[in-house]
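> Give me coordinates for this.
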Amino acid sequence: MIKEILLLGNYDLYRKSSPVEEKDIDLIKQTISNLHDTLIDFRKKYNAGRAIAAPQIGVFKRLIYMYIDEPLIFINPILTFPNKEMMEVMDDCMSFPDLLVKVKRFKNCTVTYKDMNFKENSIKFEGDLSELIQHEYDHLDGILATMRAIDSKSFYFKNSV
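Numbering: from 1, shown residues only. The predicted structure follows:
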């Protein structure tokens, strides 16, 4: 089911999400389906969107849904950074679809997470995928890209870039 995406200014976007417990797995299956449907709908409207975090649809659990070549579900993800190499990127967000924000992100990261069987996995990301998972992870802690802007002049409307 397509859900409404919480937009910039909605106080709930700043809430910290709670961990998913193993007993919640059956309950979050519907949330994952909703995340998928909402992401696909956003892609049709904006020709963008590779991942979405549960808090963006009002579910305050530590859950990220990524769909690039195939769906990836990150339950209770933890990020680590193998080095301090940073990159500047223009970050966008489904919660503010017409805005870009210049931020700094780690160029590489490792995500340790639980899968749908609640087994621990890890994936290494670099470049734009590293930026993407950091962005979605921030949503789990109630942090928006606007809060990570490099400076007060780092905001751009998409149609002006």
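
> tell me which element the closest residue in space to Val59 that isn't next to it in sequence falls in.
In space, Val59 comes closest to Thr31 once its chain neighbours are excluded; the distance is 5.1 Å by Cβ to Cβ, 6 or more residues apart in numbering. All C-beta spots, glycine's among them, are computed from the backbone N, C-alpha and C. Applying DSSP states H and E as the criterion places Thr31 in helix 25-46.

> what about the residue nearest to Val59, neighbour count?
By other Cβ atoms under 10 Å, 19 other residues sit near Thr31.

> In this structure, where is pLDDT below threshold?
160-161 (pLDDT under 70).

> in it, which residue is closest to the centre?
Of all residues in the chain, the one closest to the mean position by Cα atoms, centre = their mean is Glu136, 1.8 Å from it.

> Counting neighbours, which bits of the helix or strand hosting that residue end up buried?
Element membership for Glu136, per DSSP H and E: helix 128-140. Within helix 128-140, the residues scored as buried using 16 or more other Cβ atoms under 10 Å are 129-140.

> What of stretch 17-31?
17, 20, 24-25, 28, 31.
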